[in-house]
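> Next one to model:
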Amino acid sequence: MKVGIMLSPGIVFPTLLKPQYLDYLDMLENLSKEHQLFVIGNMTEKLPFASAQSTYPHTNPSNLNKLVTKFSNVLLTQSNKNPLIAKLRDRYNNSGSSKLEAFCSDFFAHNDVDIFYVFPFYPETFYFSIAKKFDKPLICEFWEDQVVFNAEFMHAKNYDHRIIEQEMDRRYDWFKAIVNFSSSIIVPSHIFRKKIESIRADKKIDVIRVCAKRQIESDSSPLRRDYGIENLVVVYYSSSVSPWHDIDTLKSAVQKMKNKTGVVLILTGDRRILEEKVQSIDGIRIILTGTLSQEEAAKHLCLADICVAPYRFHYSSGFFPGKIVRYMMAGKAVIATELDEVKEVLSDAGLLVAQCDADGFAKSLDLLIENRSLRHELGRSAMKIALEHYDWDVHSKKIGKVFDEVYSAKNNL
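Numbering: from 1, shown residues only. I've put the predicted structure just below:
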């Protein structure tokens with residue numbers, strides 16, 4: 001089966017920044033073992049790579065190379081490797097959205113694809129017309145509720161709640177149009193599926209969990225020596241500038257801990273922002289690593305004895321806690337905010353604390369710091385769940401099954 005895949009800037013930009021989107025490329029590689037994939041990225045039709053670097057100063061250029069070279073039949077608009085690109089570039093150089101549709105249409109017509117598979121990002125709709133033109137099924141996968149994420153950003157910028165609600169309505173109209181046009185919808189959790197069903201989207205919805213790479217166990221001793229933390233308990237947080245990552249509650253929890261002796265807090269992410277957040281914490285050693293590459297992040301995760309994931313949402317989210325899955329895959333004890341989405345992933349293999357409950361977070365930290373056997377027990381349970389349900393091989397096989405079902409239904413096989 002030939003699968004046409006359209007990577008929008010919504011995928012390309014995060015691919016440069018976030019480890020789970022690099023994992024997405026590994027998932028595509030697994031899919032390519034059973035299906036022919038024809039991948040097109042329209043990044044330079046909207047914003048050039050140089051703009052991405054200026055907007056996101058921590059962009060890793062090597063990630064773009066991974067994206068370009070992952071498959072022999074990838075067509076990215078900044079690449080001259082595909083023989084079709086020269087002909088199309090002459091016709092559609094500096095194209096707008098209508099010409100972009102023609103650009104994609106020529107590519108997929110040239111390769112005679114059977115189905116289309118996309119990650120929709122607001123406000124894009126051009127894949128509608130492409131799928132309709134070819135009379136081929138369109139499969140859409142969502143990893144997160146983009147409507148709520150945008151609302152959380154607006155809330156963080158102090159927009160009036162009425163304006164936020166109006167924007168949410170507008171974006172949910174787009175979301176419903178995507179869902180109802182598609183032949184199949186894939187989401188990462190039952191919580192998200194219920195949310196889609198609540199907006200009266202009459203469509204078959206498959207729950208296929210987002211996954212993480214298996215963590216290759218490495219000796220953390222050299223890195224511990226480099227940091228001078230050989231005998232300390234490491235509390236680890238993979239942070240983000242997103243407003244729903246609740247660094248403030250973590251900060252308060254650390255201040256309330258009973259015993260900070262023999263403990264080190266390691267925070268990865270934007271050093272400038274984190275310095276402002278944690279500068280008032282005293283009595284505990286804090287290491288700010290800055291933004292790490294995927295490889296360096298994996299090495300630092302190996303240092304962890306306890307991993308934390310505090311969240312704060314003002315709107316019902318339907319998000320997927322990919323950070324927690326990576327913690328689990330590494331076999332780490334996890335303390336996280338008690339949200340339905342988190343409970344669905346973590347089950348009873350971690351400690352859950354109410355949203356914004358700094359006292360509860362502090363008590364959970366104290367408990368795990370003092371109880372090594374409990375840390376190991378939770379870590380083993382978490383890894384078992386992760387290996388059974390959150391491995392990319394599992395995800396790829398389930399996606400492939402959806403492809404086969406949709407193709408068979410379309411062709412009455």
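
> can you map out the strands along the protein?
Assigned by DSSP state E, the strands in the chain fall at 2-7, 36-41, 74-76, 115-118, 138-141, 184-187, 205-207, 233-238, 263-268, 285-290, 306-309, 333-337, 351-353.

> mind putting those in JSON lines, mean pLDDT and distance to Trp174 included?
All C-beta spots, glycine's among them, are computed from the backbone N, C-alpha and C. Formatted as JSON lines, the entries for the strands of the chain read as follows, by pLDDT from 0 to 100; distance: least, Cβ to Cβ, whole Å:
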{"stretch": "strand 2-7", "mean pLDDT": "80", "distance to Trp174": "16"}
{"stretch": "strand 36-41", "mean pLDDT": "72", "distance to Trp174": "21"}
{"stretch": "strand 74-76", "mean pLDDT": "41", "distance to Trp174": "25"}
{"stretch": "strand 115-118", "mean pLDDT": "91", "distance to Trp174": "14"}
{"stretch": "strand 138-141", "mean pLDDT": "92", "distance to Trp174": "12"}
{"stretch": "strand 184-187", "mean pLDDT": "91", "distance to Trp174": "14"}
{"stretch": "strand 205-207", "mean pLDDT": "89", "distance to Trp174": "17"}
{"stretch": "strand 233-238", "mean pLDDT": "96", "distance to Trp174": "31"}
{"stretch": "strand 263-268", "mean pLDDT": "95", "distance to Trp174": "34"}
{"stretch": "strand 285-290", "mean pLDDT": "93", "distance to Trp174": "36"}
{"stretch": "strand 306-309", "mean pLDDT": "98", "distance to Trp174": "29"}
{"stretch": "strand 333-337", "mean pLDDT": "97", "distance to Trp174": "29"}
{"stretch": "strand 351-353", "mean pLDDT": "97", "distance to Trp174": "33"}
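
> Present the ones you listed as TSV; the columns should include distance to Lys397 and mean neighbour count.
Shown next, in TSV, are these (distance: least, Cβ to Cβ, whole Å; neighbours: other Cβ atoms under 10 Å):
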stretch	distance to Lys397	mean neighbour count
strand 2-7	15	23
strand 36-41	15	20
strand 74-76	22	23
strand 115-118	15	24
strand 138-141	15	22
strand 184-187	13	23
strand 205-207	13	16
strand 233-238	28	23
strand 263-268	31	22
strand 285-290	35	16
strand 306-309	27	26
strand 333-337	26	27
strand 351-353	30	20
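
> which stretch among these comes nearest Gly400?
Among these, the nearest to Gly400 by Cβ to Cβ is strand 2-7 (9.4 Å).

> Tell me the pLDDT of Ala102.
We note a pLDDT of 70 for Ala102 in this prediction.

> neighbours of it, just the number please.
Counted with other Cβ atoms under 10 Å, residues neighbouring Ala102 total 15.

> any idea how far it is from Ile130?
Per Cβ to Cβ, to the nearest Å, Ala102 is found 10 Å from Ile130.

> Show me which residues of stretch 363-377 are buried.
Lys363, Ser364, Leu365, Asp366, Leu368, Ile369, Arg375 (16 or more other Cβ atoms under 10 Å).

> Isn't the fourth one up against Lys256?
No: at 9.0 Å, Asp366 does not count as touching Lys256 under the criterion of Cβ atoms under 8 Å.

> before we move on, the earlier item: save the strands of the chain as CSV, and put in distance to Lys401 too.
Formatted as CSV, these follow (distance: least, Cβ to Cβ, whole Å):
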stretch, distance to Lys401
strand 2-7, 13
strand 36-41, 16
strand 74-76, 24
strand 115-118, 13
strand 138-141, 12
strand 184-187, 11
strand 205-207, 9
strand 233-238, 31
strand 263-268, 36
strand 285-290, 39
strand 306-309, 30
strand 333-337, 30
strand 351-353, 32
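
> Would you mind saying which of these lies nearest His161?
strand 333-337 (22.5 Å).

> just to revisit the earlier point, out of the strands of the chain, which is closest to Ile178?
That would be, of the strands of the chain and by Cβ to Cβ, strand 138-141, which comes in at 5.9 Å.

> quick one: contacts of that closest one?
Contact with strand 138-141 is made by 115-120, 127-128, 131, 178-179, 181-187, 208, 399, 402-403, 406, as judged by Cβ atoms under 8 Å, 6 or more residues apart in numbering.

> rerun that using 10 Å as the cut-off
For strand 138-141, the external contacting residues (Cβ atoms under 10 Å, 6 or more residues apart in numbering) are 3-6, 24, 115-120, 127-128, 130-132, 178-179, 181-188, 203, 206, 208, 210, 399, 402-403, 405-407.

> which neighbours does it have in its sheet, and in what orientation?
According to DSSP bridges, strand 138-141 forms sheet pairs with strand 115-118 (parallel), strand 184-187 (parallel).

> Measure how far it is from the centre of its chain, please.
17 Å (Cα atoms, centre = their mean, to the nearest Å).

> For the closest residue to Gly360 other than its chain neighbours, list each beta-bridge partner.
Among residues not flanking Gly360 along the chain, Val353 sits closest, at 4.0 Å (Cβ to Cβ, 6 or more residues apart in numbering). Beta-bridge pairing for Val353 (DSSP bridges): Thr337.

> how about low-confidence regions in the protein?
7-26, 40-101, 103, 200-202, 413 (pLDDT under 70).

> counting contacts, what elements does the lengthiest helix in it pack onto?
Among the elements of the chain assigned as helix by DSSP state H, the one spanning the most residues is helix 161-181. Using 3 or more Cβ pairs under 10 Å, 6 or more residues apart in numbering; DSSP states H and E as the contact test, the elements touching helix 161-181 are helix 126-134, strand 138-141, helix 146-156, strand 184-187, helix 190-198.

> Distance to Ala386 added to these, as JSON lines?
Formatted as JSON lines, the helices and strands packed on helix 161-181 follow (distance: least, Cβ to Cβ, whole Å):
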{"stretch": "helix 126-134", "distance to Ala386": "32"}
{"stretch": "strand 138-141", "distance to Ala386": "20"}
{"stretch": "helix 146-156", "distance to Ala386": "24"}
{"stretch": "strand 184-187", "distance to Ala386": "19"}
{"stretch": "helix 190-198", "distance to Ala386": "18"}
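
> I appreciate the help and will end here.
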